[in-house]
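> The following block contains a protein sequence and its predicted model.
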Amino acid sequence: MTDDDGTTTAAATGTLGYEQARDELIEVVRRLEAGGTTLEESLALWERGEELAKVCRHWLEGARARLDAALARPQEGDDQG
């Protein structure tokens, strides 16, 4: 679902993958930097950007946790003795 300002609603945020959230966040930032929006539109874009940043952060933290877990596991073929 899309709001009047062209952004996806918060309900769909949880289903976004990292790349989708990142790309939409880039577009939100571009629109904010370009100006020409009303105060209400700017606030809506800002709020959407905050939601998208949280989605990206969640994905990145998950990736970091997976990497840390993989690095903590003993590697196959590593003989300690």
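Looks like it arrived, so ask away.
> residues touching the residue nearest the centre of the chain, list them.
For the chain, the residue nearest the mean C-alpha position is residue 56 (2.4 Å; CA atoms, centre = their mean). The neighbours of residue 56, taking CB atoms under 8 Å, 6 or more residues apart in numbering as the test, are 18, 21, 22, 25. Quick note: C-beta positions are derived from backbone N, CA and C, even for glycine.
> count of residues packed around the second one?
The reference is to residue 21. For residue 21, the neighbour count with other CB atoms under 10 Å is 21.
> That one: what's it in contact with?
By CB under 8 Å, 6+ apart, the neighbours of residue 21 are 13, 52, 55, 56, 59.
> Top of those by number of neighbours, please.
Most neighbours among those, by other CB under 10 Å: residue 52, with 25 neighbours.
> which parts of the biggest helix by length in the chain are buried?
Secondary structure of the chain per DSSP state H: the longest helix is helix 39-72. Buried residues in helix 39-72, counting neighbours by 16 or more other CB atoms under 10 Å, are found at 41, 44, 45, 48, 49, 51, 52, 55, 56, 59.
> What does the pLDDT read for the residue nearest to the centre of the chain?
On the pLDDT scale, residue 56 is placed at 97.
> Please report the distance of it from residue 62.
Distance from residue 56 to residue 62, counting by CB to CB, to the nearest Å: 11 Å.
> before we move on, what about residue 34?
As judged by CB to CB, residue 34 and residue 62 stand 32 Å apart.
> Residue 74 now?
For residue 74, the distance to residue 62 - CB to CB - is 23 Å.
> what bits of the chain have low per-residue confidence?
The model of the chain has pLDDT under 70 over residues 1-14, 76-81.
> Reduced to three states, what does the residue lying closest to residue 53 once chain neighbours are set aside come out as?
Leaving out its chain neighbours, the residue that sits closest to residue 53 by CB to CB, 6 or more residues apart in numbering is residue 25, at 6.3 Å. Here residue 25 is helix, with the state taken from DSSP: H, G, I helix; E, B strand; the rest coil.
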